[in-house]
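Novice: Fold the following for me, if possible:
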Amino acid sequence: MTKGKFPVEKFQSMQTPFYYYDTELLRQTLRTINEEAGKHEGFVVHYAVKANANPKLLRIIREAGLGADCVSGGEIEASIKAGFPANKIVYAGVGKSDWEINLGLDADIFCFNVESVPELEVINALAAEKGKIARVAFRLNPNVGAHTHANITTGLAENKFGIAMRDMEHVIDEAAKMKNVKFVGLHFHIGSQILDMGDFEALCNRVNELQEQLESRNIRVEHINVGGGLGIDYEHPNRVPIPDFKAYFDTYAKKLKLRPGQTLHFELGRAVVAQCGSLITRTLYIKEGAVKKFAIVDAGFTDLIRPALYQAYHKIENITSEEAIETYDVVGPICESTDVFCKQIDLNRTTRGDLLAIRSAGAYGEIMASQYNCRKLPLGYASDEL
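Specialist: Residues are numbered from 1 along each chain as shown. Take a look at the predicted model:
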């Protein structure tokens, strides 16, 4: 028995909750990325490992030829273990510790995306101890807003990320004085789950202005990194399983004025893996409340925190019932009132033991799981291993 792309019969004997990844959809998504980015000279795509570091998915992404964008030493280790070449690994993050910087230096990663002068000084000192020269790009805060949730905007002046634009030339000048760092690029990232291409156009305009400003001082930038941020369709994962990569890459090709020989780097995360992943959970009880009906499931915000943290919507399907539609609040077992996946949603009539699929959970799902309430971490299964 299958419902959609779910092997329900196999699921019945498996311990829930768990993550299920449609690896064919992932490969199809990667093919689309490579096809659309490949139409434009100088475009280089990295995968933002923070979205999902499941080893099976990392291996597939590496095989597709993407680089790795890391924000911790652990992510660098996971990327190297998955086979990503060190010269395709970039390391970003506002708070890099010494051991993480040393790890990147020892591996000879492609670039450190630096977010402050104090960080630059530490990288220079640690590189000097090793007799190495660290390649650095400066993450600038372009003060460009994004039409997305307030908690996942990163490009405004009030955010903790990046170097203020007014300090850009000063930081580049400081780097030029240091013997163990080499300035190779500029890095930007304005937010996540962005569907309005106008936000990316605004970033392009800002990058164009900055490039002209630097060139007036004869400063040439080898690499431009515009981060990621492309969103997905959480409402219609079946109808729109692959994001609009064509519009995304075409926007940069048309609006960002690359110089001859310059490379443009992207760091896509959610757009790569979100739609291929679903959280599979089993219904424990149906509880009739005074004013509503609850479907109590064995997954909680320890397994998928996005609804509790961001009030994020995920489509939920009963994959074992074809009965008439009824309305439920789908809630988990955690002893917190915020442990709610969705309120007042329509599902096929649900009874104890039914399996629900919480869709579009491949990004920021398994990777953000916790052991609160002493719960076990959910396992992740790839479709080609079942």
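Novice: where does residue 280 fall, helix, sheet strand or coil?
Specialist: strand (DSSP: H, G, I helix; E, B strand; the rest coil).
Novice: so who does it touch?
Specialist: 6, 11, 14, 16-20, 319, 355-358 (CB atoms under 8 Å, 6 or more residues apart in numbering). For every residue, glycine as well, the C-beta is placed using N, CA and C.
Novice: same question, residue 132
Specialist: Applying CB under 8 Å, 6+ apart to residue 132 gives the contacts 105, 108, 180.
Novice: Which helix or which strand is home to it?
Specialist: Under the criterion DSSP states H and E, no helix or strand holds residue 132.
Novice: pLDDT wise, what is it at?
Specialist: We note a pLDDT of 98 for residue 132 in this prediction.
Novice: do the same with the one 3 residues further on
Specialist: Each residue has a pLDDT score; the one for residue 135 is 98.
Novice: Would you confirm that it contacts residue 113?
Specialist: No: using CB atoms under 8 Å, residue 135 makes no contact with residue 113, being 10.2 Å away.
Novice: which one of these two has more residues nearby?
Specialist: residue 113 (28 against 20; other CB atoms under 10 Å).
Novice: SS state for that one?
Specialist: Going by three-state DSSP: residue 113 is strand.
Novice: So in terms of bridging, what pairs with it?
Specialist: residue 137 (DSSP bridges).
Novice: follow-up on the earlier one: out of the contacts of residue 280, which is nearest to residue 76?
Specialist: residue 19 (23.1 Å; CB to CB).
Novice: Tell me what that closest one is bridged to.
Specialist: In beta-bridge terms (that is, DSSP bridges), residue 19 pairs with residue 279, residue 380.
Novice: Report how many residues lie close to it.
Specialist: Residue 19 has 26 neighbouring residues, counting by other CB under 10 Å.
Novice: cool, and the one 10 residues further on?
Specialist: Burial of residue 29 is recorded as 26 neighbouring residues (other CB under 10 Å).
Novice: check contacts around it.
Specialist: Going by CB under 8 Å, 6+ apart, residue 29 touches 241, 242, 243, 271, 272, 273, 275, 276.
Novice: how about low-confidence regions in the chain?
Specialist: 1-4, 143-161 (pLDDT under 70).
Novice: Please repeat the previous calculation with a cut-off of 80.
Specialist: 1-4, 142-162, 165 (pLDDT under 80).
Novice: Quick check: buried residues in stretch 77-87?
Specialist: 78, 79, 80, 82, 84 (16 or more other CB atoms under 10 Å).
Novice: Return the member of those nearest to residue 27.
Specialist: The closest of those, once distances to residue 27 are taken by CB to CB, is residue 82, at 15.5 Å.
Novice: Now the closest one, what are its backbone angles?
Specialist: phi -80, psi -10 (degrees, to the nearest 10).
Novice: Name the SS class of the closest residue to it other than its chain neighbours, please.
Specialist: Leaving aside its sequence neighbours, residue 82 sits nearest to residue 58 (CB to CB, 6 or more residues apart in numbering; 3.7 Å). Put simply, residue 58 is helix when judged by three-state DSSP.
Novice: just the one 3 residues further on next, same as before
Specialist: Classification of residue 61 by three-state DSSP places it in helix.
Novice: Next one: the closest residue to it other than its chain neighbours from residue 267, what distance?
Specialist: In this structure, residue 61 finds its nearest non-sequential neighbour in residue 47, 4.9 Å apart by CB to CB, 6+ apart. Separation of residue 47 from residue 267 (CB to CB, to the nearest Å): 8 Å.
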